[in-house]
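Peer 1: pasting the sequence and the predicted coordinates here, then a few questions.
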Amino acid sequence: GSSDAGPAGAGSSKATGAAGSPGSASAGADLSGTLTVFAAASLTTTFTDLAKEFETDHPGSKIRLSFAGSSDLVTQISEGAPADVFASADNANMSKLETASLLAAGPTNFASNVLTIAVPPDNPADIGSFKDLGRSGVKVVVCAPQVPCGAAAAKVEQVTGTEVKPVSEESSVTDVLGKVSSGEADAGLVYVTDAKGAGNKVTAIDFPEAATAVNTYPIATVAGSTHKELAAAFIALVTGPAGQRVLLAAGFGKP
Amino acid sequence: MSVSLELSDKETVAVLGPNGAGKSTLLGLIAGLLRPSSGRADLDGRVLFDAGTHWVPAHQRKIALLAQEPLLFPHLTVLDNVAFGPRSAGASRGDARRAARHWLGEVDALGFAHRRPGQLSGGQAQRIAIARALAAEPDLLLLDEPMAALDITVAPMLRKLLKRVLAGRRAIIVTHDVVDALVLADRLVVLDAGRIVEAGPTRLVLERPQSAFAAGLAGLNQITGTVTGHGLVSEDNMSIAGVVDDAAVPGEPGVAVFRPGAVSVFPEPVHGSPRNTFPATITDLEPHGDQIRIRAGALAADVTLSAAADLAPAPGSIVYFVVKAAAVVIYPAKTVRNDEAGPRP
Amino acid sequence: MSVSLELSDKETVAVLGPNGAGKSTLLGLIAGLLRPSSGRADLDGRVLFDAGTHWVPAHQRKIALLAQEPLLFPHLTVLDNVAFGPRSAGASRGDARRAARHWLGEVDALGFAHRRPGQLSGGQAQRIAIARALAAEPDLLLLDEPMAALDITVAPMLRKLLKRVLAGRRAIIVTHDVVDALVLADRLVVLDAGRIVEAGPTRLVLERPQSAFAAGLAGLNQITGTVTGHGLVSEDNMSIAGVVDDAAVPGEPGVAVFRPGAVSVFPEPVHGSPRNTFPATITDLEPHGDQIRIRAGALAADVTLSAAADLAPAPGSIVYFVVKAAAVVIYPAKTVRNDEAGPRP
Amino acid sequence: MHGAGKAPAAITIPLWIWVVAAAGGLFILLPLAAMVTRVNWPQFVPLITSGPSLTALGLSLRTSAVSTVLCIVLGVPLALVLARGQFPGQRLLRSLVLLPLVLPPVVGGIALLYTFGRRGLLGSSLSVLGIQIAFSTTAVVLAQTFVALPFLVLSLEGSLRSAGTRYESAAATLGAGPGTVLRRVTLPLVLPGLASGAVLAFARSLGEFGATLTFAGSLEGVTRTLPLEIYLQRETDPDTAVALSLVLVVIAVAIVGLTFRRTAPKLLNSGGTRDA
Amino acid sequence: MHGAGKAPAAITIPLWIWVVAAAGGLFILLPLAAMVTRVNWPQFVPLITSGPSLTALGLSLRTSAVSTVLCIVLGVPLALVLARGQFPGQRLLRSLVLLPLVLPPVVGGIALLYTFGRRGLLGSSLSVLGIQIAFSTTAVVLAQTFVALPFLVLSLEGSLRSAGTRYESAAATLGAGPGTVLRRVTLPLVLPGLASGAVLAFARSLGEFGATLTFAGSLEGVTRTLPLEIYLQRETDPDTAVALSLVLVVIAVAIVGLTFRRTAPKLLNSGGTRDA
Ligand SMILES: Nc1ncnc2c1ncn2[C@@H]1O[C@H](COP(=O)(O)OP(=O)(O)OP(=O)(O)O)[C@@H](O)[C@H]1O
Ligand SMILES: Nc1ncnc2c1ncn2[C@@H]1O[C@H](COP(=O)(O)OP(=O)(O)OP(=O)(O)O)[C@@H](O)[C@H]1O
Ligand code: MOO
Ligand SMILES: [Mg+2]
Ligand SMILES: [Mg+2]
């Protein structure tokens, strides 16, 4: 739903637009300070880049990034972590905060991600399609159903009717990727962005059924943030053209 | 344990007794390292403890305890070890070191001032420990077998030192060595099973021991019985001729003592000038200085190595102990009172 | 260290010497617990070690070592401790226990068979340790001060036991006690600074000590000099009257010895029957058995406690040592050969 | 002076020491108490007896038992060599044995992966032999052994050193060969040290998380031990996670407490309890 | 017999013990070697000197130093009380102090969060005072202290027990009060044990990961210590992760090795090195 992005998106284009304009003096003064952004681990590279860009756009501002699994971040925010902005890898975790009234405003979806099959560069099990993951003797690693990437994998399995017998159900996509890039597993179900981020350590084999389990990334300002303006500006950057460009380059899809 | 002991100022009392008699326990109680379940103690009018109500911790008692091991603090130099007491009493570093130098001088150990305890021999360390205890200027000095862990070659030197520093000082010295008592103490207390069994001026106790234990300490053969005109009749009806003390009244209980060294041993009965001959069944042989002590029940005889080699004594064989009447001293038996441990009049 | 020592079958040799002489080191080398950098040893024709080339580990030597501490295995019963040797030699559990019972019987300790070592006194434990060593049926038994850690009250009993079990057995016993040597050994070796300084049949060495060290061991005053017709002239030109041995040739080097106990001490010069009077400056006082040993340089006199109390001897004061000519023995000096430690002919 | 009966007057500890010690004790106690307050008590029993919980608990107990055995098998010789041997590199070996104690377990897991993994140092040789370690329960055991080994080795080494070699020398002069000495003297003598070392190794194995996750993966009944289950449940079911954490704490306290009931901890205790 | 010179004939260790010990040593050594083979050596220096790496390393060193100090402050009294005191619950306290040693750090982190977090046991009181602990560098220090405290306490307790109380008694009879005894006798006597305890606490702090991630989060320069940086980089930049892991290993080996250079590890060594 890109329509969800409406109000925040509008705000953001104003802010980004203002950054270069001479009338930005007062806005710039407002936009100083340190913004703490809690982001899902899969956003490490993109958000690090975007934070730099933001700091350049808004001199006097500083972005502090904390990366961990989305649910870790939810726990931490619930326990009082000083987050201004939370970017989750799925809606489930974001809604935990929403139900707990820990969001300042409703979340905005800013990206999507789909699964891909990551295999070691030499593709030892000769994987070509999702069906191949069901072959016996193929060592497949997936995320546990409790975590977003695992939920997506289960959905794809259901749609394709392929029963995957994983050798391990990891609790984070990082661990899946680690098992594949180290050559331990023949294949793993990871997000496109993860495969891309791993560079030549893994080869991604996209499969059409991935579209049945699109994972959406929402972002929101956390209740109790003392830098709401700055938070809004950062969310605007992420959801705006500049952010989208960086995210797309990393393999994310449109929200 | 149950002990009642009073010390006058400047008096040194020796405490002797068998292993486990409670000597160390007594010192521990006085020093404040053990907590008694009952009883009381005071020092110059200060109550040290009064079971249940009063308890002065060790560091407030002004009672120093010197044990078998010198226990010099290994991380401090000799000088700082000796300065420890004055420092703890609040003296400045300089004053404390000055005092320490004085006391090191007293024990002829100024030369070691800057050594670490690890660089000292056992005897040297014990000398420093004495200086350290004295430097704390205690109202009472306790010594628990201060020479027991030392080599036979250094003990005499330390004994001399102690003789010097204990003169005119209030101290209690626990020892297993009667010579220590003789050389160092004014008064002697014999402890056994937590009780005082004999007490009195050192020489008197050692020369006229009343209890078998004290006789053993003094290294004397002792026979108790009834005084006769020219000797004593023992409880098992044996006659002993000896030098009868003037105070001994015939018919009254008396004690006869003689040195094992005064006893000659013969394989057969002999007849001659010595007046006392006791047939004896050897029960034990043990080394005794450079002689061999032949034990036959309660009596003992010391013979030289070569005499022993000739005699070839073996436990179980029967020999004859012969002692001249002139070597036997007979004196009256006194009833030992357990409280008789007051200061010398 | 450099020691050459031969033992005949069934011979017990006592090794004496000051602290650090190398006695324990010698036993360690023989037992295989220390590895020598040079030298060789063999036992009944078996080479034990030959530096660099041969090295038989301890467990293959059939040499048992009994030390000061009994070192009974705390997790095994007394019976299994004694059965340890036979078991290690390959005996079945039943046979080993039978052997253990036999040896426990030998040391009168069958009653303890099912106790743990923790439930034994020091003397009992050492008895079990002897049984354990014997049960291993060693070709050679080494004893390193087996009684040093024991109470004076249990040592004599253990000495009796050792006398029985060492009879007709090849053994080396290290001791600091001359009485052990006298009672237990056929031959005596005196070690000092890793070398043999004196060796020979036990009694001979103790009665006619050649070295000052052996004289000290035997507890004798020793003066060396030149034999004269009726005595000896010392190196510092003092005349000593004494009983001259037939073998002593006037004009040849000789040795005079007398017991400290034979010396009387007087505060002033005396004139009377005793023929030898030495003015002496007291250097030291030490306890000695139930007497006090007064040392004046190399000479010593033993006096009783009461004599000492009367004399009030103090280091530095001048006294007169008096000894009867009849108490002085004079015999020829021999050149001590360091290799003279062969078996008795 | 007159005294009867006695008790050692314990060395006086300054009052402020007690106060700070209490603060230190609270610092460890409070977090545990806090966890207890978060437990959903009405649901406690159902939570910890659910299928996955019991499976994970069973797996944890089994793998920890096996890795404790492995720690004993590898650790006893290591401790012997460190305590009794004299060889070049002894110090370095001791440092290395200490290493897993202070290495982040995730790094340990990576290192194990690089060794026993399919592409690892030994992995290819093992593959040829048909041995696949990764994703198997064996991998869990290896990870646990890696982190728990130092506890056993160093505990036992301490005991061996304090036991000294005198009993062993005595046994040798009685004719016992090295094997007999080891079996009948050395090991029985250090049994208490070995026992507490083994208990600590077991407890550490039970708690092992990072290395297992990295090296062995997480599959129910095969590699998902209790700590991994807790980590996973935290995502969706914090109540279960907290309940299981508490189970783990109770097991650890019980094991550690029971073993050290009678003595001070041998592992970290130099020189027994004889204080004069 | 004729002998000259001597050396103790070391207790013979059966051959198979050496073999198994070598296997045990390799079991720990190989994973480290494997990691070394994976290091991208040409890029090694740039990798470990990148901004985030240096920031993380600096943060790790600083927080570990502070938590070591905190361990000393809390641990010395705890050790004193455990070794010298006589009070009910002493055994329980010792079990509790051992607990963080065997607790999965993530569980420890949760427990800390439940205590010092905003909604935690103490958190609300602290909030009122304007103190926010969780997710600050303070939280990192607390997490490290929590896991490292047992190392210091138990090492020191062992030293205190083996030192005995005789010197302290001697000092007391010389007139030294409890404070003086502590300062001038007890602490100097156990200084070696305290030093090795502190080193191990420092090393353990340096390696702490799970509790930090859970309780302190992962903010660059604030809470992202070296192990967290490694964890984060593992995903996108394994080369950096491996290089940093190696740095951590080298620091740990260096610290542990340097401290225990002259003596056997005091922490786990009961009774000094006197073996007869
Ligand atoms: N550490 C201890 N624990 C329990 N009982 C002890 C302890 N030390 C001594 N005792 C007991 O207290 C009693 C008195 O012992 P104490 O040490 O005071 O005797 P002692 O006369 O000093 O003996 P020794 O001559 O051996 O030094 C003895 O019965 C002994 O068994
Ligand atoms: N553990 C040791 N380390 C180094 N040198 C030692 C050791 N033990 C003894 N020595 C040295 O070896 C020499 C011989 O010592 P050994 O123990 O054999 O003497 P000893 O005659 O048995 O003495 P003691 O009568 O004291 O038992 C001495 O010079 C001593 O200093
Ligand atoms: O919250 Mo994630 O990005 O699935 O680890
Ligand atoms: Mg005593
Ligand atoms: Mg010796």
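Peer 2: Perfect, I can see it now. Ligands and ions are numbered 1, 2, ... in the order given.

Peer 1: where does the prediction get shaky in the stretch 1-150 of chain A?
Peer 2: Where the stretch 1-150 of chain A drops to pLDDT under 70, the residues are A:1-30.

Peer 1: would you map the strands across it?
Peer 2: For the stretch 1-150 of chain A, strands defined by DSSP state E, counting those that start in this stretch occupy the ranges A:33-40, A:61-68, A:85-87, A:108-113, A:115-119, A:140-143.

Peer 1: quick one, which of those is nearest to residue A:151?
Peer 2: Nearest to residue A:151 among the strands of the stretch 1-150 of chain A is strand A:140-143; the distance by Cβ to Cβ comes to 8.0 Å. C-betas here are computed from N, CA, C, even on glycine.

Peer 1: packing partners of the closest one?
Peer 2: Packing partners of strand A:140-143 (3 or more Cβ pairs under 8 Å, 6 or more residues apart in numbering or on different chains; DSSP states H and E): helix A:148-160, strand A:168-170, helix A:173-181, strand A:187-191.

Peer 1: any bit of the last one sitting next to ligand 3?
Peer 2: It refers to strand A:187-191. No: using Cβ under 6 Å from any ligand atom, strand A:187-191 never reaches ligand 3; the gap is at least 7.6 Å.

Peer 1: partner strands of that strand, parallel or antiparallel?
Peer 2: Paired with strand A:187-191 in the same sheet, following DSSP bridges, are strand A:115-119 (antiparallel), strand A:140-143 (parallel).

Peer 1: check whether the longest one contacts ligand 3.
Peer 2: Pointing back at strand A:115-119 there. No: using Cβ under 6 Å from any ligand atom, strand A:115-119 stays clear of ligand 3, coming no nearer than 11.3 Å.

Peer 1: ok, the shortest one next?
Peer 2: No: residues of strand A:140-143 contacting ligand 3 under Cβ under 6 Å from any ligand atom: none, with a closest distance of 7.0 Å.

Peer 1: can you pull the buried residues of that strand?
Peer 2: Of all the residues in strand A:140-143, those buried under the rule 16 or more other Cβ atoms under 10 Å in any protein chain shown are A:140, A:141, A:142, A:143.

Peer 1: in CSV, list the C-alpha atoms belonging to it.
Peer 2: Coordinates of each C-alpha in strand A:140-143 appear next as CSV, following Å, rounded to 0.1, in the frame of the first residue of the first chain:
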residue,chain,number,x,y,z
VAL,A,140,18.2,-26.3,3.0
VAL,A,141,18.3,-23.8,5.7
VAL,A,142,15.3,-21.5,6.4
CYS,A,143,14.1,-19.1,9.0
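
Peer 1: surely residue B:16 meets residue B:185?
Peer 2: No: using Cβ atoms under 8 Å, residue B:16 makes no contact with residue B:185, being 9.4 Å away.

Peer 1: these two: which is more packed in?
Peer 2: Between residue B:16 and residue B:185, counted using other Cβ atoms under 10 Å in any protein chain shown, residue B:16 has the larger neighbour count: 27 against 22.

Peer 1: ramachandran angles for the more buried one?
Peer 2: Residue B:16 adopts backbone torsions of phi -120, psi 160, taken as degrees, to the nearest 10.

Peer 1: quick one: pLDDT of it?
Peer 2: Each residue has a pLDDT score; the one for residue B:16 is 88.

Peer 1: the residue lying closest to it once chain neighbours are set aside sits in which helix or strand?
Peer 2: Take residue B:16 and drop its neighbours on the chain: the residue closest to it by Cβ to Cβ, 6 or more residues apart in numbering or on different chains is residue B:190, 5.3 Å away. If you go by DSSP states H and E, residue B:190 is part of strand B:187-192.

Peer 1: what's the mean pLDDT across whichever helix or strand comes after that strand?
Peer 2: Counting by DSSP H and E, the element after strand B:187-192 in chain order, helix or strand, is strand B:195-201. Average pLDDT, strand B:195-201: 85.

Peer 1: do stretch B:103-123 as well
Peer 2: For stretch B:103-123, the mean pLDDT works out to 88.

Peer 1: in it, what counts as buried?
Peer 2: Quick answer for stretch B:103-123 (16+ other Cβ under 10 Å): B:103-104, B:106-107, B:109-110, B:112-113, B:115-117, B:120, B:123.

Peer 1: which of these sits closest to residue E:202?
Peer 2: residue B:116 (29.1 Å).

Peer 1: can you pull the contacts of that closest one?
Peer 2: Residue B:116 makes contacts with B:74, B:76, B:77, B:78, as judged by Cβ atoms under 8 Å, 6 or more residues apart in numbering or on different chains.

Peer 1: kindly recompute the last result at 10 Å.
Peer 2: B:72, B:73, B:74, B:75, B:76, B:77, B:78, B:80, B:81 (Cβ atoms under 10 Å, 6 or more residues apart in numbering or on different chains).

Peer 1: residue B:190 now?
Peer 2: By Cβ under 10 Å, 6+ apart, residue B:190 lies in contact with B:14-18, B:21, B:181, B:196-200, B:205, B:209-211, B:213-214, B:216-217, B:336, B:341.

Peer 1: per-residue pLDDT of it, please?
Peer 2: Note on residue B:190: pLDDT of 88.
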